[in-house]
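> Here is a sequence with its predicted model. Questions after.
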Amino acid sequence: MGTPLSHTDHHEYLPRRSRGQVRRKRHTVRNAFIVVAALLVVVLALVAVYVGSIASTFNDKRQTVDAGIATSEATTDDALNVLVMGSDSRGEGMDTAQNKGEDGERSDTMMLVHIPEDRQNVFVMSIVRDLWVEIPGEGERKVNSALGLGGYPLVTATVENLLGVNVDHLAVIDFEGFNGLTQALGGVEVCNPKAFSSGQVNPSYYPQGEILLQGSDALRYVRERKAFLGGDFERVANQQRFVSAMVDQILTVDTLANPQRVMDVVNSIVPFISVDEGLDAVTIAGYGLQLNGIRSGDIETFTIPHGPPAEGPGGASIVLQDEEALAELRQALQRDRLGDYLAPDNAQDSEPGTSASASGAPSDAASDAASEPASDPASDPATDPATDGPSASGPGSSPSGSAATQTPAAACAGA
């Protein structure tokens, strides 16, 4: 018989290969984790650079204004109210006011964005510019006259006095920013309910149906009012259509997943935005995280409840308040129950781009056209931007090379 194997010799034969296999498997798993971790670090670094670049761009290019808002009092977790205003750096609004015998700077666009505490919805309320209100320290005036009388602090105080809630932030958007913004998005598709033209020199023509708004055509679309029987009411409705369509486009994967497109949007609009000092990139990023589940269907637009048009002091055209409906609106805002206030049992459902009043009656041009006379588009210099648009002979005519491209020829659903 041969010499028997010792205990040590026994272990020299059988387990060696299996120990090597276990060691190699452990190395493979460990290497895989290292690769995944490295990839995550790279991705996070790229995201940090991307987000940091956007934040740096916003903070570097934004302009701040005194809005009379105490930064320390701005909400972070409660209901949020942001006042958004439109301005015009070319001064056409000022020229128009002077032609009408009005003094001071005015804003033709004013919206209150209300975001509930649960951050599940966004409500955008348009405030008609001729609404007759109490301006603190100045008596009763048109709401848009507050800017010329006391700057942004008086505008904020006027809106707070009107609605009974605090304004947490202010954003003023220069209309010139529309050009770069719409171009960065590749145009904004809007469902236009009725054909019209805007402008006196090479007017822009907007056919009925789906249209693509870009550059000066987008600016003219949101500013035109003289082409309509309903005047400012229809302009407000068009502004709401544009905002809804723009949000739809921004919230698409094609935009959000494209860092360059997002940067283009930020770079194009930020130089034309003025905000209160408390609205910086960090604050906006915080709100953005809270609203990461919001989609376009969660955004509802409507118009502040109001009474009929009337004649004010000196023959000025004004819009009276609906005191009862406004009282209900104030209560809904104060209780953070605006969704219930706008529910179908309280008001008619509003499709994107339409407006509904608290009393249940539509407050766009359809309900007010009969009470506001038609005006000649040539009487309002503000409807003719410095940039030329495509030629058209008037509403209902065939467009000639119109940049407001119609797609398709038939009217879109809901028009």
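Cool, got the structure. Not measured: the values here are computed from a predicted model. Residues are numbered from 1 along each chain as shown.
> Show me the helices in the stretch 151-300 of the chain, by range?
In the stretch 151-300 of the chain, the helices defined using DSSP state H, counting those that start in this stretch lie at 177-184, 216-223, 232-250, 253-256, 259-269, 281-290.
> any idea which of those scores lowest on pLDDT?
Note on those: lowest mean pLDDT is at helix 253-256, with a mean of 72.
> And it, what's buried?
T255 (16 or more other C-beta atoms under 10 Å). No exception for glycine: its C-beta is placed from N, CA and C like everyone else's.
> if we can go back for a sec, I'd like the helices of the stretch 151-300 of the chain as a markdown table, with distance to S197 appended.
Output for these, formatted as a markdown table (distance: least, C-beta to C-beta, whole Å):
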| stretch | distance to S197 |
| --- | --- |
| helix 177-184 | 18 |
| helix 216-223 | 9 |
| helix 232-250 | 13 |
| helix 253-256 | 30 |
| helix 259-269 | 27 |
| helix 281-290 | 38 |
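> Would you mind telling me which of those is nearest M111?
helix 232-250 (7.9 Å; C-beta to C-beta).
> Specify the angle between that closest one and helix 259-269 in degrees.
Orientation check (axes from the mean of the first three to the mean of the last three C-alpha atoms, to 10 degrees): helix 232-250 against helix 259-269 gives 150 degrees.
> relative orientation of helix 232-250 and helix 177-184 in degrees?
Orientation of helix 232-250 against helix 177-184 (the same axes, to 10 degrees) gives an angle of 40 degrees.
> and this structure, what are its domains?
21-61, 65-174+229-373 (automatic domain parsing).
> Distance to A184 added to the ones you listed, as TSV?
Converted to TSV, these look like this (distance: least, C-beta to C-beta, whole Å):
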stretch	distance to A184
domain 21-61	13
domain 65-174+229-373	4
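> Looking at those, which one is packed in the most?
domain 65-174+229-373 (a mean of 18; mean count of other C-beta atoms under 10 Å).
> what residues are up against S126?
Each residue near S126 by C-beta atoms under 8 Å, 6 or more residues apart in numbering is listed here: M110, M111, V236, Q239, Q240, T301, F302, T303, I304, S355.
> Looking at those, spot the one nearest G151.
Nearest member of the contacts of S126 to G151, counting by C-beta to C-beta, is M110, at 14.5 Å.
> so the closest one is in which element?
Using DSSP states H and E, M110 sits within strand 109-115.
> What's the mean pLDDT across the next helix or strand after that strand?
Counting by DSSP H and E, the next helix or strand C-terminal to strand 109-115 is strand 122-126. Strand 122-126 carries an average pLDDT of 92.
> out of the helices of the stretch 151-300 of the chain, nearest to T156?
Ranking those by proximity to T156 (C-beta to C-beta) places helix 281-290 first, at 17.2 Å.
> which residues sit against that closest one?
With contacts defined as C-beta under 8 Å, 6+ apart, helix 281-290 is touched by V51, I54, A55, S56, F58, N59, A74, T76, L80, I115, R119.
> just for the chain, where's the confidence low?
1-37, 39-50, 71-76, 88-108, 253, 345-415 (pLDDT under 70).
> The same query, at a cut-off of 50, please.
Residue ranges of the chain with pLDDT under 50: 5-8, 10-18, 90-104, 347-410, 414-415.
> on that earlier part again, quick one, which of the domains of the chain is nearest to V190?
Closest to V190 of the domains of the chain is domain 65-174+229-373 (C-beta to C-beta; 4.7 Å).
> For T156, give me its contacts.
For T156, counting by C-beta under 8 Å, 6+ apart, the contacting residues are A67, G68, I69, L83, V167, L170.
> Those into a markdown table, with extra columns for distance to N292?
Formatted as a markdown table, the contacts of T156 follow (distance: C-beta to C-beta, whole Å):
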| residue | distance to N292 |
| --- | --- |
| A67 | 27 |
| G68 | 31 |
| I69 | 25 |
| L83 | 23 |
| V167 | 24 |
| L170 | 24 |
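> how about those residues, which pair is most distant?
G68 and L83 (10.8 Å).
> Now, the contacts of T156 that are in strands?
If you go by DSSP state E, those have L83, L170 in strands.
> Between the contacts of T156, which sits nearest S198?
Closest approach between the contacts of T156 and S198, by C-beta to C-beta: L83, at 26.6 Å.
> isn't that closest one right next to A171, touching?
Yes. With contacts counted by C-beta atoms under 8 Å, L83 reaches A171, the gap being 7.4 Å.
> Give me the common contacts of the two.
The contact sets of L83 and A171 do not overlap (C-beta under 8 Å, 6+ apart).
> Tell me the one among the contacts of S126 nearest to S145.
For the contacts of S126, the minimum distance to S145 (C-beta to C-beta) is 11.6 Å, reached by M110.
> Show me what the closest one bridges to in the sheet.
Counting by DSSP bridges, M110 is bridged to M85.
> In this structure it contacts L83, no?
Yes. M110 is in contact with L83 according to C-beta under 8 Å; the separation is 7.3 Å.
> can you list residues touching both of the two?
V155, V159.
> Packing partners of the strand holding M110?
With contacts taken as 3 or more C-beta pairs under 8 Å, 6 or more residues apart in numbering; DSSP states H and E, strand 109-115 sits against strand 80-87, strand 122-126, helix 146-163, helix 232-250.
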